[in-house]
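Asks: fold the following for me, if possible:
(2 chains)
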Amino acid sequence: MAEVRLENVTKSFGKLTVIPDISLTVPDKSFTVLVGPSGCGKSTLLRLIAGLERPTSGTIRIGGDDVTDDEPSKRGISMVFQSYALYPHMSVARNIDFGLRISNMPTEEREKRLAEAARILALEDYLDRKPSELSGGQRQRVAIGRSIVRNPKVFLFDEPLSNLDAALRTQMRVELAELHHSIDSTMIYVTHDQVEAMTLADQIVVMNKGRIEQIGSPMDLYDTPASVFVAGFIGSPKMNLLPGKALGRPDIATVGIRPEDLEVTENDGWDTKARVVETLGSDTIAYVRVEDVGEMTVRLPGHIRLKDGDRLKLRADPERQHHFDEDGRRIERTDV
Amino acid sequence: MTGPHVWRNVARLTLLVIVASFVLAPLWATVMGGFKTNAEIRTAAFAVPEAFNIEFYGAILSDPAFWRYLGNSMLISSAAVILTLIVGSAAAYVFAQIKFFGSNFLFSYLLLGLMFPFATAILPLFIKIRDIGLLDTYWAVILPQTAFGLSLAILLFRTFFAQLPKELFEAAYIDGCGYVRFFIMFTLPLSTPILATVGVFVFVQSWNNFLLPLVVLNSREVFTWPLGMMQYRGEYVTQWNQTLAFVTLSLVPAVVFFLAAQKYIVAGLTGGAVKG
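Replies: Numbers count the residues shown, from 1 in each chain, chains lettered A, B, ... in the order given. Modelled structure (predicted):
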């Protein structure tokens, strides 16, 4: 059991309150992604779980044990940093087994774990190299290897892929997903990239200004965002958020329509003019202007070819609209 | 190459030669002076010697006193370097790594030492050393030199340590590595450039120091080389050629030490720690 439970955790740095009050349960063996814009407190939350910061108040439990005042090395966690934080003067092998040497593990066991980690991460040929002789992806794998050998109950990842280029990021994303399947530990992953969140997570925690906006599976968040913030944050391209008044629904503050829920029609619907068209091959994304309503983004199948300035008629599927009140909370729809 | 470039290069070269000559000319005169007779030094101090008399160098080298002075200097300077590096780096590590009440005040207080002229301190220093009973011992020179070197050492160390990526400590901390172990296993090995720089600085300063040994050392047994050099100054006549030969030979260890440390005075050891 390695459930991570935060109970009424708060964190302030001097007068600045980063986390006002958070309670959160990360289920055992789940892949939980903390996602949110920069400065929303997600990294702080991860550092609180790691023990690199102490909470101002509240309790942190890992596997049922209160670890609030424990040293990081006693919590059964390991952490992968955004900057890798490899030890520059040590070889890859020493980097990976450093923690085991510190804890005086018997040589035999240590070497077994090192070999196992190197095998999983395909690092066998690089064990004698220094970090400076490795590529970005290899460095990241060494950082993950350092986590694996410690056999932690909980893996913590702090934006581990944001320093990699796009192609490598996709590849490492797949490797991380495989890793989670093969070692079956609880993983908590911080990112500001909603694509990583959607693809990796069993459970996503959307954070904003130190508060949790919504917790749920990726498709929960996509289908039923609990607030305007989540609606705008999850999904790419971003959901169109329009004032209800402009759409003839003065009773609703904000109407959300996903770009992929708009379709081109022959006659009825809005008259729009494409400002910019992005042709991606598989999709065509048009940024259009609708008279009296505002700007909208629409995602169309790739076979529909458009040019900047083209006019087209668009219709939104009323079944797939999201309604929000003045406070930005979701209104459960009763009219359909 | 066009005209302006040629002139700019000529001007640059001229300037460099002039600046370099300020350093090299006295050195040249010192080294060559050791081969000349006293008369020749007085008439042609910067000229190439008419004949290379190696007897003065030979006399110095065969004088056991010279080796004793050199040994004393070496012992004192090495001890000053080692002490400064240990105490300075440990103190700087605390300032760089840990925030505690009054740390800024304490740090500023240590930096005040940079503004304190050595000559002003010499009398109280002498009295203190006498009271403690260290007069005429190596420690009388080593301890004050270490103390006076600490300000600069801590300043340089702290700046360097503070530049080490913070995640490095956090990663090691999660691996179960505490402050002291991190200092020994990470901070020091990654700081060889600054350790070498401060080491050379302290060594050369200690090696060439004249005033402090002059005041606190009385017996020839513990003399450092700048004091030993004085034996060639008689009441009426100064053996300039022997003095210059002595100085030349005494410079050698400092130069060797510098050359040995020089290859460590290169940054870039942290390459690969974070994205680079």
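Asks: next, count neighbours for residue B:19.
Replies: Residues lying near residue B:19 (other C-beta atoms under 10 Å in any protein chain shown) number 10. C-beta: built from backbone N, CA, C; applies to glycine.
Asks: now it: how far from residue A:311?
Replies: 74 Å (C-beta to C-beta, to the nearest Å).
Asks: and if you look at residue A:332?
Replies: Taking C-beta to C-beta, one finds residue A:332 at 36 Å from residue A:311.
Asks: looking at the two, which has the bigger crowd around it?
Replies: residue A:311 (10 against 6).
Asks: quick check: pLDDT value at that one.
Replies: Model confidence at residue A:311, given as pLDDT, is 88.
Asks: wait, what's in contact with it?
Replies: A:271, A:272, A:273, A:274 (C-beta atoms under 8 Å, 6 or more residues apart in numbering or on different chains).
Asks: in the sheet, who's paired with it?
Replies: residue A:273 (DSSP bridges).
Asks: ok, how many other residues are close to residue B:72?
Replies: Count around residue B:72 with other C-beta under 10 Å applied: 22.
Asks: which residues does it contact?
Replies: Contacts of residue B:72 (C-beta under 8 Å, 6+ apart): B:138, B:222, B:223, B:224, B:225.
Asks: pull out the buried residues from the host helix or strand of residue A:219.
Replies: Residue A:219 belongs to helix A:218-223 when assigned by DSSP states H and E. Across helix A:218-223, burial judged by 16 or more other C-beta atoms under 10 Å in any protein chain shown covers A:218, A:220, A:221, A:222.
Asks: state the mean pLDDT of that helix.
Replies: In this model, helix A:218-223 has a mean pLDDT of 93.
Asks: SS state for whichever residue of the stretch 151-300 of chain A sits closest to chain B?
Replies: For the stretch 151-300 of chain A and chain B, the shortest gap (C-beta to the nearest C-beta) falls at residue A:163, measuring 4.6 Å. The local conformation at residue A:163, judged by DSSP: H, G, I helix; E, B strand; the rest coil, is coil.
Asks: distance of it from residue A:85?
Replies: Counting by C-beta to C-beta, the gap from residue A:163 to residue A:85 is 11 Å.
Asks: who has more neighbours out of these two?
Replies: residue A:85 (26 against 17).
Asks: my read: that one touches residue B:168, true?
Replies: Yes. Using C-beta atoms under 8 Å, residue A:85 is in contact with residue B:168, at 5.4 Å.
Asks: what's the neighbour count on the nearest residue to residue B:192 once chain neighbours are set aside?
Replies: Take residue B:192 and drop its neighbours on the chain: the residue closest to it by C-beta to C-beta, 6 or more residues apart in numbering or on different chains is residue B:264, 4.8 Å away. The local packing of residue B:264 (other C-beta under 10 Å) involves 15 other residues.
Asks: would you format the buried residues of helix A:218-223 as a markdown table with distance to residue A:193 included?
Replies: Listed next are these as a markdown table, based on distance: C-beta to C-beta, whole Å:
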| residue | distance to residue A:193 |
| --- | --- |
| A:218 | 13 |
| A:220 | 19 |
| A:221 | 14 |
| A:222 | 15 |
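Asks: give me the number of residues near the residue of chain A found nearest chain B?
Replies: Nearest to chain B in chain A, going by C-beta to the nearest C-beta, is residue A:132, at a distance of 3.0 Å. Counted by other C-beta under 10 Å, the residues lying close to residue A:132 total 16.
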